[in-house]
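Please work out how this folds:
(chains A and B)
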Protein chains: 2
Amino acid sequence: MGESKHIVLTSHPPKDGEGPVNIVWGAPTAEQRGPVIGGLNDPAQRNVVGTHSGAYGLYRALAVAAGALDPVHKPDLTNTAPTQEIGPFPQWSDPDKIVSIDPYGHMVAQTFASHIEEGADIRPTIAVTRARIHLPEMREAITDGRVVPDGKVLLDSGEVSVTKAAVEPVWYLPGIANRLNVSEGDLRLSLFEHTGGMYPELVTRSDLKVFLPPIGHISVYVLGDIEAFWDPTRPLACRVHDECNGSDVFGSDICTCRPYLTHGIEECVKTAQENGAGLIVYNRKEGRALGEVTKFLVYNARKRNPGGDSAENYFGSTECVAGVQDMRFQDLMPDVFHWLGIKRIDRFVSMSNMKYDALVSQGIEIGDRVPIPDELIPADAQVEMDAKKAAGYFVDETVSNPKDLSKPKGRSLADY
Amino acid sequence: MGESKHIVLTSHPPKDGEGPVNIVWGAPTAEQRGPVIGGLNDPAQRNVVGTHSGAYGLYRALAVAAGALDPVHKPDLTNTAPTQEIGPFPQWSDPDKIVSIDPYGHMVAQTFASHIEEGADIRPTIAVTRARIHLPEMREAITDGRVVPDGKVLLDSGEVSVTKAAVEPVWYLPGIANRLNVSEGDLRLSLFEHTGGMYPELVTRSDLKVFLPPIGHISVYVLGDIEAFWDPTRPLACRVHDECNGSDVFGSDICTCRPYLTHGIEECVKTAQENGAGLIVYNRKEGRALGEVTKFLVYNARKRNPGGDSAENYFGSTECVAGVQDMRFQDLMPDVFHWLGIKRIDRFVSMSNMKYDALVSQGIEIGDRVPIPDELIPADAQVEMDAKKAAGYFVDETVSNPKDLSKPKGRSLADY
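Residues are numbered from 1 along each chain as shown, chains lettered A, B, ... in the order given. As a prediction, this is how the structure comes out:
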């Protein structure tokens, strides 16, 4: 705990000439933009509200409380640099294109080396590494002849070699407000009031434009040659996937999440093999960002609906419990594409109109939309699929259209 | 936004005779304990710091800002009640046994119905539902004869019928402080200061003892007959699994996470078939609660270590970047067992000494410890396994002991 016995509850803007490095969001160069300083070593240097690691910042505070972590520890970033150069791209210096990520987040140790040497506590908000991923579904796809190993993108074992990145949220509040079509003041007040008073600086420090919110992050998987992202003659397949732990990890059969994800990885493998690349964006937005408790409450309400679990009641059940159908704010989702310098997706493995509209409205071109094949829809997931199609999901001639929306197609609680 | 134009930045304790319902943590009955009121409809009724849905509370605030969610929406909890009765158990009225969960969290709509009728904004912090899970590894286990379908616990298709729960964090601060062996004041100050000033109420409102932190939750999967939890003559198998998205979802081969999880599910199936039950506890503690950005930075540091990726340097690399080896605080992990009324685990599918010690010190008996079979350890994960064994992981005669800790056994970056 140490030095600060006088507790400052909420800080106020510094006087002229004092204060931390200014962040000029969307400036032409990294040096002109300035570093995001969210570390806690020297409060006077901080130029953001909040701190690093999203929701995991709370655990860091616990570790300090428990005496396990030196409160002034600064990360030793030796050998941690990205395994793959990404950017800078022109999109990075357009303040409207990226509002929820720091595009320089993976290269801070290099780009802001002089600031770090002078003692600034600057931490990466993005990390880029290599991995080999090995999904049982990929072995099945090889056995069934749907994909063919080439020893490079896809190995005989079913392993796939990837570059992957973890991307923490860094919110530029004026940009977020703009994207959501509200005033910055209203956004700040809502974020403060409707979290029960988290970070008074959101309302007292209008001079601090950047917020590191305690929420989950994004994982990015690149299959094949990433250079294909930046060559308009080479194809790109992509799935944007929002977390669904029950399906993604445990294979719950009430939704199509994992089957659609693994289908997306298959499409990425095939496109990478065609001299292209594949991209999976995995967002921590469990249960449409309503969280898993709300999701399970909704499952019960659906299953106990007097008319049975039908497409007609699918969204209504969520709205009764949560007040909205969805809180994912796909408006912010395209940022990661601008970070990656992507302008066009040739095969978009998603039927979501919300994801499609968000990408297109941000100037990302989309070629084909790849629906989930009917045979991959699990037993209890037809209700979801019908409800989403009826609400505007993309459907082409390869996909069956929903019928009998009022008919229960989901299992009842007695049938588990 | 509406009514409150006068922004109160940090609240102060109410005067005598005023103020919200008191929470008497660990009281003998639910009514004496009192409801946790974290909803934001009537600030005067709130008896906690923070609000619901863990980190997803931020998205709710965004939804209000964007005009998508009525700020005074209260959840309609019709038909959302648990599909399975759980408790109350004697453990619930011992204030030292459960400090990070509200044991009444799943039954608030029933237990605190009169408060809700009078207008209190009380929300479930736990939801209990049914599911069918379907993992490709379970199909392989059937084909290989490791498990045998019985049409009840395990279907011919490989599907497993489960009861599952989502459990949000509810921190009783004096209990957390006690568990971590620090003073409540130091804990509160650390949580405030080392999050960059989140929730001044942590320090101004020592009368509010309960904190709803914006962190991830727990998922619980019950295989077989849950009644076996409460019958000392019937066996229980259990895996406590901390999130590792890269392996759990994508099958990254640098660690044993998904293989150990699916092995745990297999053990749960077998124990459930022996007139017992199985339990998977899945905690959102990505990368040892350091988060995925830190984890990927550490991967790079390990892979670029001049001596290669060796067990000897495994923990050191994490400590250089993060300042500690681990931030998971297993001390809090046993709470979910007390919530479930569990006193003994017959087959504990984990080699972690930290998890074992935490459970035993909380009075949970552990019978056999089940290591991951050598043949399930992925190519690049031997480094992790050796390092953990050398640091105190459980090893029996069925498991090979680590040797040559300084020898690089992990892939280098050039070999992906």
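
Now do the contacts for the closest residue in space to residue A:95 that isn't next to it in sequence.
Nearest residue to residue A:95, sequence neighbours excluded (C-beta to C-beta, 6 or more residues apart in numbering or on different chains): residue A:26, at 2.7 Å. Where you see a C-beta, it was placed from the backbone N, CA and C, and this is true even at glycine. Counting by C-beta atoms under 8 Å, 6 or more residues apart in numbering or on different chains, residue A:26 touches A:33, A:92, A:93, A:94, A:95, A:96, A:97, A:98.

With adjacent residues omitted, what lies nearest to the closest residue to chain B within the stretch 301-416 of chain A?
Residue of the stretch 301-416 of chain A nearest chain B, by C-beta to the nearest C-beta: residue A:323 (3.4 Å). Leaving aside its sequence neighbours, residue A:323 sits nearest to residue B:73 (C-beta to C-beta, 6+ apart; 3.4 Å).

Put the buried members of the contacts of residue A:26 into a PyMOL selection.
Only the buried members of these end up in this PyMOL selection, burial being decided by 16 or more other C-beta atoms under 10 Å in any protein chain shown:
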select buried, chain A and resi 33+92+93+95+97+98
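
re the thing from before, the residue of the stretch 301-416 of chain A closest to chain B is in contact with residue B:72, isn't it?
No. Contact criterion C-beta atoms under 8 Å: residue A:323 and residue B:72 do not qualify, at 9.3 Å.

So which of these two has more stuff around it?
residue A:323 (22 against 14; other C-beta atoms under 10 Å in any protein chain shown).

quick one: contacts for the more buried one?
So residue A:323 contacts B:63, B:69, B:70, B:73, B:75 (C-beta under 8 Å, 6+ apart).

Verify the contact between residue A:294 and residue A:324 for me.
No. Counting by C-beta under 8 Å, residue A:294 stays clear of residue A:324, with 10.3 Å between them.

Those two: which has the busier surroundings?
The neighbour comparison of residue A:294 against residue A:324 (other C-beta under 10 Å) goes to residue A:294, with 29 against 21.

Now the host helix or strand of the more buried one - C-alpha only, PDB.
Assigned by DSSP states H and E, residue A:294 belongs to helix A:292-303. The C-alpha coordinates for helix A:292-303 follow below in PDB (Å, rounded to 0.1, in the frame of the first residue of the first chain):
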ATOM      1  CA  GLU A 292     -24.300 -16.200 -18.500                       C
ATOM      2  CA  VAL A 293     -26.700 -15.800 -15.500                       C
ATOM      3  CA  THR A 294     -29.200 -13.800 -17.600                       C
ATOM      4  CA  LYS A 295     -28.700 -16.400 -20.400                       C
ATOM      5  CA  PHE A 296     -29.600 -19.300 -18.200                       C
ATOM      6  CA  LEU A 297     -32.600 -17.500 -16.700                       C
ATOM      7  CA  VAL A 298     -33.800 -16.900 -20.300                       C
ATOM      8  CA  TYR A 299     -33.300 -20.600 -21.100                       C
ATOM      9  CA  ASN A 300     -35.600 -21.500 -18.200                       C
ATOM     10  CA  ALA A 301     -38.200 -18.900 -19.300                       C
ATOM     11  CA  ARG A 302     -38.100 -20.300 -22.900                       C
ATOM     12  CA  LYS A 303     -38.400 -23.900 -21.800                       C
END
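
And the strands in chain A?
A:49-50, A:126-133, A:160-167, A:171-172, A:210-212, A:218-224, A:236-242, A:277-283, A:344-348, A:365-369 (DSSP state E).

Export those to a markdown table and append columns for mean pLDDT and mean neighbour count.
Shown next, in a markdown table, are the strands of chain A (pLDDT from 0 to 100; neighbours: other C-beta atoms under 10 Å in any protein chain shown):
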| stretch | mean pLDDT | mean neighbour count |
| --- | --- | --- |
| strand A:49-50 | 98 | 27 |
| strand A:126-133 | 98 | 25 |
| strand A:160-167 | 98 | 25 |
| strand A:171-172 | 98 | 25 |
| strand A:210-212 | 98 | 23 |
| strand A:218-224 | 98 | 25 |
| strand A:236-242 | 98 | 26 |
| strand A:277-283 | 98 | 25 |
| strand A:344-348 | 98 | 21 |
| strand A:365-369 | 98 | 15 |
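
I'd like these written out as JSON lines, with distance to residue B:272 added.
Output for these, formatted as JSON lines (distance: least, C-beta to C-beta, whole Å):
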{"stretch": "strand A:49-50", "distance to residue B:272": "44"}
{"stretch": "strand A:126-133", "distance to residue B:272": "30"}
{"stretch": "strand A:160-167", "distance to residue B:272": "34"}
{"stretch": "strand A:171-172", "distance to residue B:272": "45"}
{"stretch": "strand A:210-212", "distance to residue B:272": "44"}
{"stretch": "strand A:218-224", "distance to residue B:272": "33"}
{"stretch": "strand A:236-242", "distance to residue B:272": "31"}
{"stretch": "strand A:277-283", "distance to residue B:272": "31"}
{"stretch": "strand A:344-348", "distance to residue B:272": "41"}
{"stretch": "strand A:365-369", "distance to residue B:272": "42"}
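
Output those strands as JSON lines; include the columns distance to chain B.
Formatted as JSON lines, these follow (distance: least, C-beta to the nearest C-beta, whole Å):
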{"stretch": "strand A:49-50", "distance to chain B": "5"}
{"stretch": "strand A:126-133", "distance to chain B": "4"}
{"stretch": "strand A:160-167", "distance to chain B": "4"}
{"stretch": "strand A:171-172", "distance to chain B": "10"}
{"stretch": "strand A:210-212", "distance to chain B": "8"}
{"stretch": "strand A:218-224", "distance to chain B": "6"}
{"stretch": "strand A:236-242", "distance to chain B": "9"}
{"stretch": "strand A:277-283", "distance to chain B": "7"}
{"stretch": "strand A:344-348", "distance to chain B": "20"}
{"stretch": "strand A:365-369", "distance to chain B": "23"}
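
Minimum distance to residue A:289: which of those has it?
For residue A:289, the closest of the strands of chain A is strand A:236-242, at 7.7 Å, according to C-beta to C-beta.

between that closest one and strand A:344-348, how big is the angle?
Comparing the axes of strand A:236-242 and strand A:344-348 via axes from the mean of the first three to the mean of the last three C-alpha atoms, to 10 degrees yields an angle of 70 degrees.

Identify the residues contacting residue A:102.
Contacts of residue A:102 were listed using C-beta under 8 Å, 6+ apart, and they are A:36, A:125, A:126, A:170.

Looking at those, which two lie furthest apart in space?
Among the contacts of residue A:102, A:36 and A:126 lie farthest apart (C-beta to C-beta), at 11.1 Å.

Now list whatever residues contact both of those two.
The overlap between the contact sets of residue A:36 and residue A:126 (C-beta under 8 Å, 6+ apart) consists of A:102, A:105.

Tell me who's in contact with residue A:223.
For residue A:223, the contact set (C-beta under 8 Å, 6+ apart) comprises A:153, A:160, A:162, A:265, A:268, A:269, A:272, A:277, A:278, A:279, A:280.

can we see that at 10 Å?
Applying C-beta atoms under 10 Å, 6 or more residues apart in numbering or on different chains to residue A:223 gives the contacts A:133, A:153-154, A:160-164, A:237, A:265, A:267-273, A:276-280.

Show me the shaky parts of chain A.
Low-confidence segments of chain A (pLDDT under 70): A:1-5, A:16-17.

Select the longest helix from it.
The longest helix of chain A (DSSP state H) is helix A:257-273.

is any part of that one close to chain B?
Yes. Legend: contact between helix A:257-273 and chain B by C-beta under 10 Å from any C-beta of the partner chain is shown at A:257, A:258, A:259, A:261, A:262, A:265.
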